[in-house]
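1. 3D, please:
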Amino acid sequence: MKHSIYSIVFVILSALTLSSCDDFLNMQPGNSGNAKDAIATPSDAKVVINGIMSSMTSSSYYGRNFFMYGDAKGGDLTIYSAGRGLDGLYSFNHSATSGNFSGFWTIGYNCIMQINSLLENIEKLETAGTTGFDYYKGQALTLRALIYFDLVRLYGLPYNYDKTSYGVPITTSTLESDAQPARSTVEENYKQILADLEAGQTLLASDKSLQKGYIGYYANIAIQARAKLYMEDYDGALSAAEEIIKSTKYKLYTPSEWAASWSTQFGSESIFELGIYPNESDLGTSSLGFYLMQYKQRSGASGYFLASDYYLTRLGEDQTDVRWGVMDNDEYWYDNKVERKGACYKYMGGVIQSDKTFPGDGKETETAINIKIIRLSEIYLIAAEAALHATTPDRDLAASYLNEIRQRAPKLTLATASTITDDMILEERSKELFCEGQRFFDMIRLNKTIEFNDDFQDVPVSKRTKIIDRTFGKIVLPISQDEINANPALKDQQNAAYK
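-> A predicted model of the protein is given here:
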């Protein structure tokens, strides 16, 4: 394939954004003819890992769009006015030639090709007798699994809906520029994800210490818990989640600590977060924080997305819920002076100050906020759902795990073995993981109907109805026409809604 996946030169110079290595400028591009010289030592491998994670903070991936995708499409976010950017995430206004958000594909496969090149180079060095690469191999395999997990959810149907349908191409080695691999099935994608995670787990097991800013052993286990939940391997998901919980390496925030935690780097719940630094990965007015903050609260802030009425009603079940601590008035309030706390400040430092000076997370700029990819609270919620559906269901255990998170709304009645339900867990996931890119994928994998807050704003919604479910064709993205032009093998494998 001659386009973005396979002709991308391995430009690992971007890794310098997160590391200073004097010898790094002398490295050759990893996809060039001198790829064997791209790394020579374990320290070089670490620099490459830095570069991969830096790429993952792109606005086309974890830096903004991936989290926006999950909440805008899942109904927890809405838009007050059209035409400010990313409207298509809400309206599903996608086609192969426009609004296709092909950046997910491009960035994802760019990172995968860097990982593949790194792993091949390590194998050559190990064959020649150089050692000390195991931990970096484990990190690379785990990152590859995470990226494939994200890609297959964007482009493939849910595993429990049609695992024989098309997922994404699997590439585990560097390819020639004219290679034209076809799409694998969703099931094949998940098999590759689990294979990478299992291999990565073994390699990372030598050091189970906390890895601030890096992917470590427990991040690997957390991704396994996520993937197995999506596969409805509830026993496996519960086992993985409980390994993390029982390790006591991480600690849930108390209700009084929760809001302030968003002003903290690498806090006690953070299993994996990507570093965002001023003058490096900081997206400024294009950042996630600016897309969610109140209209005109800062120069350039346009109030692009705000919480839907449905989400605010859910959170409003308890007005003392500590998660109100990251919410403030939104554009509707700005225009109409009717209180509506629909602006989310998780990515401007969390705690809302009366003078509107946000604390950030300790860096020079408010928008240089680390992106929390996996938090311990999610692991408790995975454990609750998995315990409820395990081969031998344990409703008491499920309720106890759910209540650890539910107590963040102190006026709500705690769950019991007789009252806990899937919907109760799903609602708690919405409240706890708001603006963390989970809602749409949760609704689709659980075969729920999504209702959109279309009455709230003036945007014409031409590509979907007010209510959709997973039978709606555009729950997956199109393969872009540029990719199809470069790889004709994909033409007949385009997702059905875009043919």
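2. mind showing which ranges of the protein have poor pLDDT?
-> Low-confidence segments of the chain (pLDDT under 70): 1-37, 352-355, 459.
3. Strands of that one, start to end?
-> Along the chain, counting by DSSP state E, strands occupy 77-78, 270-274, 306-307, 327-328, 343-344, 371-375, 450-451, 467-468.
4. Which strands and helices lie in contact with the last one?
-> Just to be clear, that refers to strand 467-468. Contacts defined by 3 or more C-beta pairs under 8 Å, 6 or more residues apart in numbering; DSSP states H and E place strand 467-468 against strand 450-451. Glycine gets a C-beta too; all of them are placed from N, C-alpha and C.
5. is it true that Leu381 touches Tyr401?
-> Yes: judged on C-beta atoms under 8 Å, Leu381 makes contact with Tyr401 at a distance of 7.4 Å.
6. Nearest to Glu242, out of the strands of the chain?
-> Closest of those to Glu242 is strand 270-274, at 14.1 Å (criterion: C-beta to C-beta).
7. what comes into contact with the closest one?
-> 53, 56-57, 62, 212-213, 215-216, 218-219, 222, 244, 250, 265-266, 281, 370-376, 379 (C-beta atoms under 8 Å, 6 or more residues apart in numbering).
8. quick revisit: including distance to Leu414 and mean neighbour count, could the strands of the chain go into TSV?
-> As requested, the strands of the chain are exported to TSV (distance: least, C-beta to C-beta, whole Å; neighbours: other C-beta atoms under 10 Å):
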stretch	distance to Leu414	mean neighbour count
strand 77-78	28	26
strand 270-274	25	23
strand 306-307	25	28
strand 327-328	23	22
strand 343-344	26	28
strand 371-375	21	23
strand 450-451	28	18
strand 467-468	32	16
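9. Can you list which of the contacts of strand 270-274 are found in helices?
-> Mapping those onto helices (DSSP state H) picks out Met53, Met56, Tyr218, Ala219, Ala222, Ile244, Leu376, Ile379.
10. that older thread, how about the strands of the chain in TSV, adding distance to Ser98?
-> Shown next, in TSV, are these (distance: least, C-beta to C-beta, whole Å):
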stretch	distance to Ser98
strand 77-78	22
strand 270-274	29
strand 306-307	25
strand 327-328	33
strand 343-344	28
strand 371-375	27
strand 450-451	23
strand 467-468	21
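11. can you tell which of these is closest to Gly360?
-> That would be strand 371-375 among the strands of the chain, by C-beta to C-beta, at 13.5 Å.
12. Just checking: what are the partner strands of that closest one?
-> Here strand 371-375 has these sheet partners by DSSP bridges: strand 270-274 (antiparallel).
13. Contact partners for the nearest residue to Gln265 once chain neighbours are set aside?
-> Among residues not flanking Gln265 along the chain, Asp361 sits closest, at 4.9 Å (C-beta to C-beta, 6 or more residues apart in numbering). Counting by C-beta under 8 Å, 6+ apart, Asp361 touches Trp262, Ser263, Thr264, Gln265, Gly349, Ala368, Ile369, Asn370.
14. what do you get if the cut-off is 6 Å, keeping everything else the same?
-> Residues counted as contacts of Asp361 (C-beta atoms under 6 Å, 6 or more residues apart in numbering) are Ser263, Gln265, Ile369, Asn370.
15. Just the buried ones from those?
-> Ser263, Gln265, Ile369, Asn370 (16 or more other C-beta atoms under 10 Å).
16. can you put those residues in a markdown table and add distance to Phe133?
-> As requested, those are exported to a markdown table (distance: C-beta to C-beta, whole Å):
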| residue | distance to Phe133 |
| --- | --- |
| Ser263 | 36 |
| Gln265 | 28 |
| Ile369 | 32 |
| Asn370 | 27 |
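17. so where's the longest helix in the protein?
-> helix 103-127.
18. buried stuff in that one?
-> In helix 103-127, counting by 16+ other C-beta under 10 Å, buried: 103-122, 125.
19. Please apply the same query to stretch 323-337.
-> Of the residues in stretch 323-337, those buried (16+ other C-beta under 10 Å) are Arg323, Trp324, Gly325, Val326, Met327, Asp328, Asn329, Asp330, Glu331, Tyr332, Trp333, Tyr334.
20. Return the member of these nearest to Lys191.
-> Closest to Lys191, out of all of the buried residues of stretch 323-337 and judged by C-beta to C-beta, is Arg323, at 36.7 Å.
21. Without its sequence neighbours, what residue ends up closest to the closest one?
-> Lys431 is the one closest to Arg323 (C-beta to C-beta, 6+ apart), at 5.7 Å.
22. For burial, what's the neighbour tally of that neighbour?
-> Lys431 has 19 neighbours, counted by other C-beta atoms under 10 Å.
23. Could you measure from it over to Met56?
-> Distance from Lys431 to Met56, counting by C-beta to C-beta, to the nearest Å: 26 Å.
24. now swap in Gln438 and tell me
-> From Gln438 to Met56 the distance is 17 Å (C-beta to C-beta).
25. Tell me which of the two has more neighbours.
-> Using other C-beta under 10 Å as the criterion, Gln438 and Met56 rank with Met56 on top: 24 against 21.
26. Does that one touch Tyr62 like I think?
-> Yes: using C-beta atoms under 6 Å, Met56 is in contact with Tyr62, at 5.2 Å.
27. one step back: for the strands of the chain, which one sits closest to Thr131?
-> Nearest of the strands of the chain to Thr131, taken as C-beta to C-beta: strand 270-274 at 26.4 Å.
28. ranges for the helices of the stretch 51-200 of the chain?
-> 65-73, 87-91, 103-127, 134-155, 159-162, 186-204 (DSSP state H, counting those that start in this stretch).
29. Columns distance to Ser286 on top of these, output as CSV?
-> Shown next, in CSV, are these (distance: least, C-beta to C-beta, whole Å):
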stretch, distance to Ser286
helix 65-73, 10
helix 87-91, 15
helix 103-127, 12
helix 134-155, 20
helix 159-162, 33
helix 186-204, 30
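30. Any idea which of those helices gets closest to Ile405?
-> helix 65-73 (18.1 Å).
31. So what angle separates the directions of the closest one and helix 103-127?
-> Using axes from the mean of the first three to the mean of the last three C-alpha atoms, to 10 degrees, the direction of helix 65-73 lies 140 degrees away from that of helix 103-127.
32. Is Leu388 in contact with Leu397, as I believe?
-> No: with contact defined as C-beta under 6 Å, Leu388 does not reach Leu397; the gap is 8.6 Å.
33. Pick out whichever of the two has more residues nearby.
-> Legend: neighbour count by other C-beta under 10 Å for Leu388 and Leu397, higher for Leu388 (23 against 19).
34. which residues touch the more buried one?
-> Contacts of Leu388 (C-beta under 6 Å, 6+ apart): Ala398.
35. Please report how far it lies from Ala237.
-> From Leu388 to Ala237 the distance is 11 Å (C-beta to C-beta).
36. Next: Ala222.
-> Distance from Ala222 to Ala237, by C-beta to C-beta: 11 Å.
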